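Colleague: below are the sequence and a predicted model for it; my questions follow.
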Amino acid sequence: MATPEQTLVLAIDQGTSSSRALVFDASSGNCLARAQHAIDKVEIGRDGWIEQDAGVLFSSVEKCLLEVQAQIVETVPLSAIKAVGITNQRETTVVWDKTTGVALYNAIVWQDQRTEDIVKGFQPKWNKELSDLCGLPLDTYFSATKLRWLLDNCEAVKTCVAAGNCMFGTVDTWLVWKLTGGIDGGCHVTDVTNASRTMLMDIKTCQWSPTLKQFFQVPDCLHLPKICSSSEVYGKVHSSVAGGHFEGMPIAGCLGDQQAALVGHGCLSAGSAKSTYGTGCFMLFNTGLEPVKSRHGLLTTVAYKFGDEPAHYALEGAVAVAGDIVKWLRDMQIISSAAETEELAEQVENDDEFDVMFVPAFSGLKAPYWKADARGMILGLTYNTSRRHICRAALESTCFQTKEVFDSMMEDATSQCRLQALRVDGGMTANQYFMQKLANILHIDIACPSMAEVTALGAAYAAGRAVGVDVMLDADVTVLKAQDSAAGRALHYRRWKAAVLRCQNWHGTSFESA
């Protein structure tokens, strides 16, 4: 419970599956109030198409704000909230009319695969220089191809662009614009971490690249947001938002969700790393003040930039399916709840634990392969295979995918940036079988913080920093150590690599005989 003398910071966390608002006590880092509303995907009925209603993304945030206001209003004045920080699902693309404030199409979600043909069309002209310029491979994952699809296929977008009224942004941009007034003077901004995920930003200058804009044929009359740091006052909450309760509060922090988790974990020095297990798995490795070009399928991204200080960079390994595999098990009625996976996985006898391999390439493989034509496979099935084996293989698949990213990072990292421990967060970390297996397969200490809200805490930290408020980061962690043999690890990993090889070159391949 808050007390009147406390200094508070509000964090908005707009994720793929839900929107949340959290109020933190700056001196302790404790979360004093929280609210959450689920976000449904729009049913399109087309394979690989994933959309969300941009209006619902914002309205769900407003609902969360009203709920946290109701939770704390009787114990502390709202004036104790000194800043607002935002963290968000990255790459998800929104376009809207600046004169009406209405989105011209549903938000195209980062997981969406509809731009495969656009990627194939650009592929012959894509080269190492362009990849080095933005730090990213050419892939459906990033915003530029989604924007290109909207420009090519949505008549409302074409009309709005021609009139000079079309605004583009990722979810952070959309939220800040709406929170600061929308058509009544809303601020059209993004931060460097989100901009670095568009394939349109120069990774070194942290500004929009004319070369990349030309490559993706982005018209000059399309309004791109101003790129700002991750910690500065972008604008103030408008009186029309959430009943006016938060009017005038400075919106002062903005980070993509994975970068926010890196900050929330306190990974603010080169050689520190975190891995988040939500819908997907995202490992970020702080490389310091210079962008490191990966030679092993990782992404070069901006980790954070605080005010006028130089940008810090990270290597990132993005895995599309982590927690989503548990949802898949539930949707297939293999389990009834996420907690059931731990119990079932523990029931498998050790001598046959690795006979079944599950590669969850439902929408292709991301890091380190970047194989859009891969598809999910379960291998090693026998008459004796049960749902226990499937559940265990599902949990282990996330461990193996993490190891592939981890190994790539260690190959790319300099000798001064060797990883000693991996900090983890996300829903899957509640599964003790998964956590211990992760420590075994990586053979490295796994550190899990006692406070689960590290992503929102990172956004609060950035916002507080901009207005002179120090937000305490959690230092209390539980450490898990490896418990198996090196020989066993090597054998199991070889079997995983063989399974991954088999799932590639599947989608789009003709199997008709000559």
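Modeller: Sure thing, it's come through.
Colleague: partner residues bridging Thr87?
Modeller: Asp13, Leu255 (DSSP bridges).
Colleague: ok, it to Tyr461 distance?
Modeller: 10 Å (C-beta to C-beta, to the nearest Å). The way it works is simple: take the backbone N, C-alpha and C, and place the C-beta from them, glycine included.
Colleague: before we move on, what about Val119?
Modeller: 36 Å.
Colleague: settle it for me: which of these two has more neighbours?
Modeller: A side-by-side neighbour count of Val119 and Tyr461, using other C-beta atoms under 10 Å, places Tyr461 first with 32 against 19.
Colleague: residues contacting the more buried one?
Modeller: Contact analysis of Tyr461 by C-beta atoms under 8 Å, 6 or more residues apart in numbering lists Gly85, Gly253, Val263, Gly264, Val471, Leu473.
Colleague: most neighbours out of these, which is it?
Modeller: Most crowded among the contacts of Tyr461, counting by other C-beta under 10 Å, is Gly253 at 36 neighbours.
Colleague: model confidence for Ile251, exactly?
Modeller: Listed pLDDT for Ile251 reads 98.
Colleague: mind checking what helix or strand follows the host helix or strand of it in sequence?
Modeller: Per DSSP states H and E, Ile251 falls inside strand 250-256. Sequence-wise, the next helix or strand downstream of strand 250-256 (DSSP H and E) is helix 257-264.
Colleague: partner strands of the following helix or strand past that following helix, parallel or antiparallel?
Modeller: Downstream of helix 257-264, the next assigned helix or strand under DSSP H and E is strand 273-277. Strand 273-277 has its sheet partners listed here by DSSP bridges as strand 281-288 (antiparallel), strand 421-425 (parallel).
Colleague: just say which of the ones you listed is most tucked in.
Modeller: Of all those, strand 281-288 carries the top mean neighbour count, a mean of 26, counting by mean count of other C-beta atoms under 10 Å.
Colleague: average pLDDT for it?
Modeller: 93.
Colleague: start the count at 56, not 1, going forward
Modeller: In the new count, where the first residue is 56, that last one comes out as strand 336-343.
Colleague: for the helix or strand just after that strand, packing partners?
Modeller: The helix or strand immediately downstream of strand 336-343 is strand 354-359, counting by DSSP H and E. If contacts are counted by 3 or more C-beta pairs under 8 Å, 6 or more residues apart in numbering; DSSP states H and E, strand 354-359 sits against helix 247-250, helix 312-319, strand 336-343, strand 367-374.
Colleague: so what touches stretch 251-271?
Modeller: Residues contacting stretch 251-271 (C-beta under 8 Å, 6+ apart): 145-146, 177, 180-181, 185, 187-191, 193, 197-200, 202-203, 225, 247, 250, 273, 279, 282, 311, 346, 355-357, 360, 366, 368.
Colleague: quick one: the helices in the stretch 56-205 of the chain?
Modeller: Under the criterion DSSP state H, counting those that start in this stretch, the stretch 56-205 of the chain contains helices at 109-127, 171-177, 183-189, 198-208.
Colleague: so which of these comes closest to Thr484?
Modeller: Closest approach to Thr484 among the helices of the stretch 56-205 of the chain (C-beta to C-beta): helix 109-127, 23.1 Å.
Colleague: quick one: buried residues of that closest one?
Modeller: 109-113, 115-117, 119-124, 126-127 (16 or more other C-beta atoms under 10 Å).
Colleague: can you pick out the most distant pair from the residues you listed?
Modeller: Using C-beta to C-beta, the pair of the buried residues of helix 109-127 lying farthest apart is Ala109 and Ile127, separated by 28.4 Å.
Colleague: residue ranges with poor pLDDT in the stretch 306-455 of the chain?
Modeller: Scanning the stretch 306-455 of the chain for pLDDT under 70 picks out 405-409.
Colleague: in JSON lines: the contacts of Tyr516, plus distance to Gly241.
Modeller: Shown next, in JSON lines, are the contacts of Tyr516 (distance: C-beta to C-beta, whole Å):
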{"residue": "Gly140", "distance to Gly241": "18"}
{"residue": "Gly308", "distance to Gly241": "18"}
{"residue": "Val318", "distance to Gly241": "26"}
{"residue": "Gly319", "distance to Gly241": "27"}
{"residue": "Val526", "distance to Gly241": "26"}
{"residue": "Leu528", "distance to Gly241": "31"}
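Colleague: hmm, who's touching stretch 331-338?
Modeller: 70-72, 166, 312-313, 316, 328-330, 371-379, 421, 453, 456-457, 460-461, 464, 477, 479-484, 489, 510.
Colleague: with just CA atoms, put that stretch into CSV.
Modeller: What follows is stretch 331-338, C-alpha atoms only, in CSV (Å, rounded to 0.1, in the frame of the first residue of the first chain):
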residue,chain,number,x,y,z
THR,A,331,12.6,-13.3,-21.6
TYR,A,332,10.1,-16.2,-22.0
GLY,A,333,6.8,-14.8,-23.1
THR,A,334,5.0,-15.5,-26.3
GLY,A,335,8.4,-15.9,-27.9
CYS,A,336,11.9,-16.1,-26.4
PHE,A,337,14.2,-13.0,-26.7
MET,A,338,17.7,-13.0,-25.4
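Colleague: how far out from the middle of the chain is it?
Modeller: 7 Å (C-alpha atoms, centre = their mean, to the nearest Å).
Colleague: before we move on, what about stretch 487-506?
Modeller: 20 Å.
Colleague: contacting residues around Val555?
Modeller: Going by C-beta under 8 Å, 6+ apart, Val555 touches Val414, Leu420, Tyr424, Ala429.
Colleague: just checking, the first one touches Ser452?
Modeller: Spelled out, that is Val414. Yes: applying C-beta atoms under 8 Å, one finds Val414 in contact with Ser452, separated by 6.4 Å.
Colleague: grab the longest helix from the chain for me.
Modeller: For the chain, the helix that runs over the most residues, judged by DSSP state H, is helix 442-467.
Colleague: which positions in that one come out as buried?
Modeller: Buried-residue list, helix 442-467, by 16+ other C-beta under 10 Å: 442-461, 463-464, 467.
Colleague: tell me the mean pLDDT over stretch 500-510?
Modeller: 88.
Colleague: give the buried residues for that stretch.
Modeller: For stretch 500-510, by 16+ other C-beta under 10 Å, it's Asp500, Ile501, Ala502, Cys503, Pro504, Met506, Ala507, Glu508, Val509, Thr510.
Colleague: what does stretch 280-290 give?
Modeller: Pro280, Ile282, Cys283, Ser284, Ser285, Ser286, Glu287, Val288, Tyr289, Gly290.
Colleague: farthest pair within these?
Modeller: Maximum pairwise distance among the buried residues of stretch 280-290 (C-beta to C-beta): 16.7 Å, between Pro280 and Ser286.
Colleague: so where's the stretch 156-305 of the chain uncertain?
Modeller: For the stretch 156-305 of the chain, counting by pLDDT under 70, not a single residue falls below.
Colleague: make it 90
Modeller: Scanning the stretch 156-305 of the chain for pLDDT under 90 picks out the ranges 166, 168, 182-183, 196.
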